[in-house]
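Trainee: Here is a sequence with its predicted model. Questions after.
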Amino acid sequence: MHLEIVTFVSLFVSAIVIGGFASLLGVGGGIFMVPLLLLGGFVPTMHQATGTSIAGVVFTSLSGTIAYWGRRVINVRIGLLIMPMAILGAWTGAWISAFINARWLEIGFAGLLLYPAGMMLQGKPPKEIPLSLHGKVQGARLYLTAVVIGLIAGVASGMFGIGGGTVMVPSLAVFLGLDIVTAVATSLFVMIPSAVIGSYQHWVQGDLRPELALPLIIGLIIGAQLGPRFGARIPKRRLRQLFGIVLVYAIVNMILKAV
């Protein structure tokens, strides 16, 4: 009983910090929760860490979306365009995670993050980024870009137990030219249904630990309300650089887990 209380409190306190940081950056918090669960000895396998983490992502994104909605910075139109493929991708990623060797997937995903990490660390706005789609993105190009972003972010979400924000936020900024705060808020908005679907699939596969997810969820809800409030006081260049540091952390973390 004592160990159960210690576990609950440890996860609850950690989740408050993770929730605040995650909602500030537009990520679901999985890049922090997965190593917390795995390296902290709360779960024995990567699959259980992934399944339990993505359940927490549902509530990080929901709580963060509520906070950003009040500031009216969510681009609902772009979010709704991305959402269908993000949902499909999350289910697909969760399903195939049971069959594919996670080591190579982690290394591949770490490589995928290198470009957005470098871009964000420089603190550059979209108009200064060489690969940015200059001008207003609309028509077929808008729909195609939204489909690709949603699918990749969704698969990453379901497969790795993350919210998909590590892909979505820089992609929204680079390829659709969204302001960084709007990209963060829209990313959280899109994560809600995709994380729900990913969580369900992991539950079906037996990888979700509800007794560990509960303290994470409670702490994440509280913490996710704090991030947007602090974000309003941070210069946008610093916010981009802070996100870049998070991406570097994700890259290093995934490589270390793989080797």
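Mentor: Thanks, I have the structure now.

Trainee: which stretches of the stretch 1-150 of the chain have low pLDDT?
Mentor: Applying pLDDT under 70 to the stretch 1-150 of the chain flags residues 1-3, 25-26, 102, 105-106, 108-109, 112-113, 115-116, 119, 124-139.

Trainee: go with 80
Mentor: Low-confidence segments of the stretch 1-150 of the chain (pLDDT under 80): 1-3, 21-29, 31, 35, 38-39, 46, 97-120, 122-141.

Trainee: Run through the strands of it in chain order.
Mentor: Remark: no strands are assigned in the stretch 1-150 of the chain by DSSP state E, counting those that start in this stretch.

Trainee: Let me see the ranges of the helices in it.
Mentor: For the stretch 1-150 of the chain, applying DSSP state H, counting those that start in this stretch gives helices covering 2-25, 30-39, 46-71, 76-96, 102-112, 114-121, 139-160.

Trainee: tell me what the third one is packed against?
Mentor: The one in question is helix 46-71. Helices and strands touching helix 46-71, by 3 or more Cβ pairs under 8 Å, 6 or more residues apart in numbering; DSSP states H and E, are helix 2-25, helix 30-39, helix 139-160, helix 180-204, helix 210-224, helix 227-231. From N, CA and C alone the C-beta is placed, and that goes for glycine too.

Trainee: how about 6 Å then?
Mentor: With contacts defined as 3 or more Cβ pairs under 6 Å, 6 or more residues apart in numbering; DSSP states H and E, helix 46-71 has these neighbours: helix 2-25, helix 30-39, helix 180-204, helix 210-224.

Trainee: Can you check what angle separates the longest one from helix 46-71?
Mentor: In other words, helix 180-204. 140 degrees (axes from the mean of the first three to the mean of the last three Cα atoms, to 10 degrees).

Trainee: And the shortest one, by the same measure?
Mentor: If you take the same axes, to 10 degrees, helix 30-39 sits at 150 degrees to helix 46-71.

Trainee: Can we start the residue count at 130 from this point?
Mentor: Noted, 130 is the first residue going forward, which turns the last one into helix 159-168.

Trainee: Could you check how far helix 159-168 is from the centre of its chain?
Mentor: How far helix 159-168 lies from its chain's middle: 13 Å, per Cα atoms, centre = their mean, to the nearest Å.

Trainee: before we move on, what about the longest one?
Mentor: Offset of helix 309-333 from its chain centre (Cα atoms, centre = their mean): 7 Å.

Trainee: Quick one, which of the helices of the stretch 130-279 of the chain gets closest to Thr315.
Mentor: Nearest to Thr315 among those is helix 205-225; the distance by Cβ to Cβ comes to 4.8 Å.

Trainee: quick one, that closest one and helix 175-200 angle?
Mentor: 170 degrees.

Trainee: Quick check: buried residues in helix 205-225?
Mentor: 207-208, 210-224 (16 or more other Cβ atoms under 10 Å).

Trainee: And stretch 168-188, by the same measure?
Mentor: Those would be 171-172, 175-188, for stretch 168-188 by 16+ other Cβ under 10 Å.

Trainee: ok, residues contacting that stretch?
Mentor: If you take Cβ atoms under 6 Å, 6 or more residues apart in numbering as the criterion, stretch 168-188 is touched by 157, 159, 162-163, 166-167, 231, 290, 292, 324-325, 327-328, 331, 336-338, 341-342, 345-346, 349-350.

Trainee: ok, now stretch 269-276?
Mentor: For stretch 269-276, the external contacting residues (Cβ under 6 Å, 6+ apart) are 210-211, 214, 304.

Trainee: will you turn these into CSV that also has distance to Leu317?
Mentor: Below are the contacts of stretch 269-276 laid out as CSV (distance: Cβ to Cβ, whole Å):
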residue, distance to Leu317
Leu210, 16
Ile211, 12
Met214, 17
Phe304, 18
